[in-house]
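[1] I would like to see how this sequence folds:
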Amino acid sequence: MIVKHHTCDKCQSKNIVKNGKNRSGTQTYKCKDCGGYGVLDSKQPGRTVDKEALAKAYRERQSQRATGRIFNVSHFFVQTVLKKSP
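    Alright, predicted model coming up:
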């Protein structure tokens with residue numbers, strides 16, 4: 001028998017329990033330690049955007065929408081990255 005031990009994404013605790021399913025039918029979990037909710041095996045791929053290169057491209061006089069088109073992200077994501085970058 002194969003047993004998988006999952007951990008919470010936020011606090012890395014192993015104290016998680018099943019908590020129903022979301023609209024797409026994926027199992028959701030709740031962490032008993034931090035109270036966080038989430039999906040362990042998401043069907044959507046994560047973003048792999050170089051945030052430093054995105055900020056540098058914006059500083060080279062590109063608009064936020066143009067930078068978003070270059071990196072294939074929304075201009076709202078570009079705004080978020082620019083707010084967090086020094």
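[2] give me the neighbour count for Asp41.
    Neighbour count of Asp41, defined by other Cβ atoms under 10 Å: 8. To be clear about C-beta, it is placed using only N, CA and C from the backbone, and glycine gets the same treatment.
[3] OK, contacts around it?
    When the contact criterion is Cβ atoms under 8 Å, 6 or more residues apart in numbering, the partners of Asp41 are 26-27.
[4] that one: helix or strand, and which one exactly?
    Here Asp41 is covered by no helix or strand, with elements defined by DSSP states H and E.
[5] what sits up against stretch 59-73?
    47, 49, 53-54, 57-58, 74-75, 77-79, 82.
[6] try 10 Å this time
    47, 49-51, 53-58, 74-82, 85 (Cβ atoms under 10 Å, 6 or more residues apart in numbering).
[7] list the beta-bridge partners for Tyr37.
    Beta bridges link Tyr37 to Lys30, judged by DSSP bridges.
[8] and the pLDDT for it?
    With respect to pLDDT, Tyr37 scores 86.
[9] what sits against it?
    8-10, 16, 19-20, 22, 28-31.
[10] now the two most distant members of these.
    For the contacts of Tyr37, the farthest-apart pair by Cβ to Cβ is Lys10 and Gly20; their separation is 18.6 Å.
[11] neighbour count for these two, which is higher?
    Comparing Lys10 with Gly20 by neighbour count (other Cβ under 10 Å), the higher total belongs to Lys10, at 13 against 9.
[12] you'd agree that one is up against Tyr29?
    No: the criterion here is Cβ atoms under 10 Å, and Lys10 misses it with Tyr29 at 11.4 Å.
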